[in-house]
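**Q** here are the coordinates; sequence isn't available:
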């Protein structure tokens, strides 16, 4: 049986922060969040609110962050965030 987790609308807001190891100067970051507002952000931290829906099933929303260095090199990391809004 799938796990069911209910969030009220006020709990659909999530914050994310980059942890760069070893610390590296001059990086910039682009955030992308599926089914959220804002869907895009920049900086080493990002807060977004996932769009509520009515279901008792947990769905996952993709959040990605891409780091850019001054030479144009990139690294992307992603996470699936479980989200459910129960009416």
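**A** On my side now, so go ahead. Since we're looking at a predicted model, the values are computed, not measured.
**Q** Show the low-confidence segments of this protein, by residue range.
**A** By pLDDT under 70, the weakly predicted segments of the chain are 1-11, 54-56, 85-87.
**Q** which residues in this protein form helices?
**A** Under the criterion DSSP state H, the chain carries no helices.
**Q** Tell me who's in contact with residue 43.
**A** Contacts for residue 43 (Cβ atoms under 8 Å, 6 or more residues apart in numbering) come out as residue 29. (Glycine included, C-beta is placed from N, CA and C.)
**Q** so how far is stretch 23-43 from its chain's centroid?
**A** Here stretch 23-43 is found 9 Å from its chain centre; the criterion is Cα atoms, centre = their mean, to the nearest Å.
**Q** who's in contact with residue 30?
**A** Applying Cβ under 8 Å, 6+ apart, we find residue 30 in contact with 40-42, 65-66, 68.
**Q** Keep only those of these that are in strands.
**A** In strands, defined here by DSSP state E, the members of the contacts of residue 30 are 40-42, 65-66, 68.
**Q** By neighbour count, which of those wins?
**A** residue 65 (22 neighbours; other Cβ atoms under 10 Å).
**Q** can you pull up the bridge partners for it?
**A** residue 31, residue 77 (DSSP bridges).
**Q** residues touching it, list them.
**A** Going by Cβ under 8 Å, 6+ apart, residue 65 touches 16, 18, 29-32, 46, 76-78.
**Q** So which of those is the closest to residue 58?
**A** When those are ranked by distance to residue 58 (Cβ to Cβ), residue 78 comes first, at 17.7 Å.
**Q** For burial, what's the neighbour tally of the closest residue in space to the closest one that isn't next to it in sequence?
**A** Nearest residue to residue 78, sequence neighbours excluded (Cβ to Cβ, 6 or more residues apart in numbering): residue 64, at 4.3 Å. Per other Cβ under 10 Å, the neighbour tally for residue 64 reads 13.
**Q** wouldn't residue 64 be in contact with residue 81 here?
**A** No: shown here, residue 64 and residue 81 do not form a contact pair, counting by Cβ atoms under 8 Å, at 11.0 Å.
**Q** where along the chain do the strands fall?
**A** Along the chain, counting by DSSP E, strands occupy 13-17, 28-33, 36-37, 40-42, 45-50, 59-68, 74-83.
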